[in-house]
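A.B. asks: Next one to model:
(one chain, ligands or ions: 2)
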Amino acid sequence: MKTILALETSCDETAVAILRGSELLASEVASQIVEHEKFGGVVPEVASRNHLIHAPRLIECAKGRAKIDMLDVDAFAATSGPGLASSLMIGASIAKGLAIGFGKPYLAINHLEGHLLSPFFNNGHIKSNVSLVVSGGHTMSILVRGLGDYRLIGRTVDDAAGEAFDKVAKLLRLGYPGGPEIERHAGSGDPARFNLPRSMIDSENFSFSGLKTAVRYLLPKLRGDFLADLCASFQQAIVDVLVRKTIVAAQKHNVVLVTMSGGVSCNEELRRQLRDACEQKGFEFKSAEPWLCTDNAAMIAFAAMLKLESGFASNVAEEIDPNLALVSSG
Ligand code: KG4
Ligand code: ZN
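C.D. replies: Ligands and ions are numbered 1, 2, ... in the order given. As a prediction, the model looks like this:
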């Protein structure tokens, strides 16, 4: 049974995981939210300095929790893109250094492939599916035919779904990240009170910036108690678009399985409504477990394990790529 140590440093979360076969021995995440909150967004240099501080500590922590020695690790993996160059470089350099030092393979993993495969973490083999990847940086619908066989169905033409949650939360003076804040307020709100746009509803692509602008123009006109209803109406507009497009794509591509991953898939309303729609239309549904939805290294270790088992290893000379693509369109 192989043991993999993986690092994820694509943005502002430093994460380290150790996976042995299908058993996750450790998964450590250090969030930098407080460091960036005061700047109103992620500052690349601050992020990379923090990765340098956190990563060695998290590796020691993960080793201790997993009760393993570095000599027990069969391969080292890291996210190689997409993401912030100066952040990606930290995790990739550490994994490459360890791989060279211990004479073991290095695996460069695409962050989006980590999300895409996470619904299968200890949950069956990779079979054909239409996959919705919804995070802070990406919104994609992908036809998955097997490991490494991905075809783009649709992607956002402007903001990602998570970005829309974050920007609207900022307009409403809620905290960062915005998704959990909006979901919390939406819980006691009426999703039908405000009629917000479902942009590009008949396209395979997505667009969320019009929705954000609609909230911006609506806000000054509102008086009294509106926060919960506005959060619920906004959240429902996003859920409607994501559910409808995913079901249409699954029907068009004739798959039996729908999967979902990425930070926004933590959203309980989205999980419930997509699960219900799949059940109604006769699709099987697998969503990444909530603890695997936001950025973590367990999903990177899992993708690396599948690749290692299929005989794949990367060259240590391989560079990180901030714009690394997962799929080709068409
Ligand atoms: O996958 P992720 O951790 O990072 C990226 O790869 O981008 O996703 C982070 C995004 C943020 O935009 C955050 O607001 C959103 O996921 N998010 C949510 C929820 N939890 C996190 N959005 C909606 N509802 C949530 N419960
Ligand atoms: Zn992510």
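A.B. asks: all contacts plus neighbour counts: C-alpha atoms, from now on.
C.D. replies: Will do.
A.B. asks: Spell out which parts of the stretch 1-150 of the chain neighbour ligand 1.
C.D. replies: Contacts of the stretch 1-150 of the chain with ligand 1, taken as CA under 6 Å from any ligand atom, map to 135, 136, 137.
A.B. asks: Top of the residues you listed by number of neighbours, please.
C.D. replies: Among those, the one with the most neighbours (other CA atoms under 10 Å) is residue 135, at 23 neighbours.
A.B. asks: List the contacts of it.
C.D. replies: 160, 161, 162, 163, 261, 262, 263, 264, 265, 294 (CA atoms under 8 Å, 6 or more residues apart in numbering).
A.B. asks: Repeat that for residue 65.
C.D. replies: 25, 26.
A.B. asks: my guess is residue 163 contacts residue 156, does it?
C.D. replies: No: with contact defined as CA atoms under 8 Å, residue 163 and residue 156 do not form a contacting pair (10.9 Å).
A.B. asks: In three-state terms, label residue 68 for me.
C.D. replies: Residue 68 falls in the coil class when you classify it by DSSP: H, G, I helix; E, B strand; the rest coil.
A.B. asks: And for it, the neighbour number?
C.D. replies: Other residues near residue 68 come to 14 when the count uses other CA under 10 Å.
A.B. asks: how about it, what does it touch?
C.D. replies: Neighbour list for residue 68: empty [criterion: CA under 8 Å, 6+ apart].
A.B. asks: Angles on the backbone of residue 75, please.
C.D. replies: Here the main-chain torsion angles of residue 75 (degrees, to the nearest 10) amount to phi -160, psi 150.
A.B. asks: Could you count how many residues lie near it?
C.D. replies: Neighbour tally, residue 75, other CA under 10 Å: 25.
A.B. asks: what's near enough to touch it?
C.D. replies: Residue 75 sits next to 3, 4, 5, 99, 104, 105, 106, 107 when contact means CA under 8 Å, 6+ apart.
A.B. asks: 7 Å instead?
C.D. replies: 3, 4, 5, 99, 104, 105, 106 (CA atoms under 7 Å, 6 or more residues apart in numbering).
A.B. asks: Test my guess that the first one contacts residue 20.
C.D. replies: So the one you mean is residue 3. Yes: taking CA atoms under 7 Å as the definition, residue 3 is a contact partner of residue 20 at 4.2 Å.
A.B. asks: Nearest residue to the middle of the chain?
C.D. replies: For the chain, residue 262 is the residue whose C-alpha lies nearest the centre (CA atoms, centre = their mean; 2.8 Å).
A.B. asks: Adding distance to residue 78, write the residues of the stretch 1-150 of the chain next to ligand 1 out as JSON lines.
C.D. replies: What follows is these, written out as JSON lines (distance: CA to CA, whole Å):
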{"residue": "135", "distance to residue 78": "19"}
{"residue": "136", "distance to residue 78": "20"}
{"residue": "137", "distance to residue 78": "18"}
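A.B. asks: Which positions in stretch 315-330 come out as buried?
C.D. replies: Going by neighbour count (16 or more other CA atoms under 10 Å), the buried part of stretch 315-330 is 316, 320, 321, 322, 326, 327.
A.B. asks: meant to ask about stretch 248-265
C.D. replies: Buried residues in stretch 248-265 (16+ other CA under 10 Å): 249-250, 255-265.
A.B. asks: Using a markdown table, please lay out those together with secondary structure.
C.D. replies: Below are the buried residues of stretch 248-265 laid out as a markdown table (three-state DSSP):
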| residue | secondary structure |
| --- | --- |
| 249 | helix |
| 250 | helix |
| 255 | coil |
| 256 | coil |
| 257 | strand |
| 258 | strand |
| 259 | strand |
| 260 | strand |
| 261 | strand |
| 262 | coil |
| 263 | helix |
| 264 | helix |
| 265 | helix |
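A.B. asks: ok so, going back, of residue 163 and residue 156, which one has the most company?
C.D. replies: Between residue 163 and residue 156, residue 163 has the larger neighbour count (other CA under 10 Å), namely 24 against 19.
A.B. asks: and the residue lying closest to the more buried one once chain neighbours are set aside, what does it touch?
C.D. replies: Leaving aside its sequence neighbours, residue 163 sits nearest to residue 136 (CA to CA, 6 or more residues apart in numbering; 5.0 Å). Counting by CA under 7 Å, 6+ apart, residue 136 touches 160, 161, 162, 163, 263.
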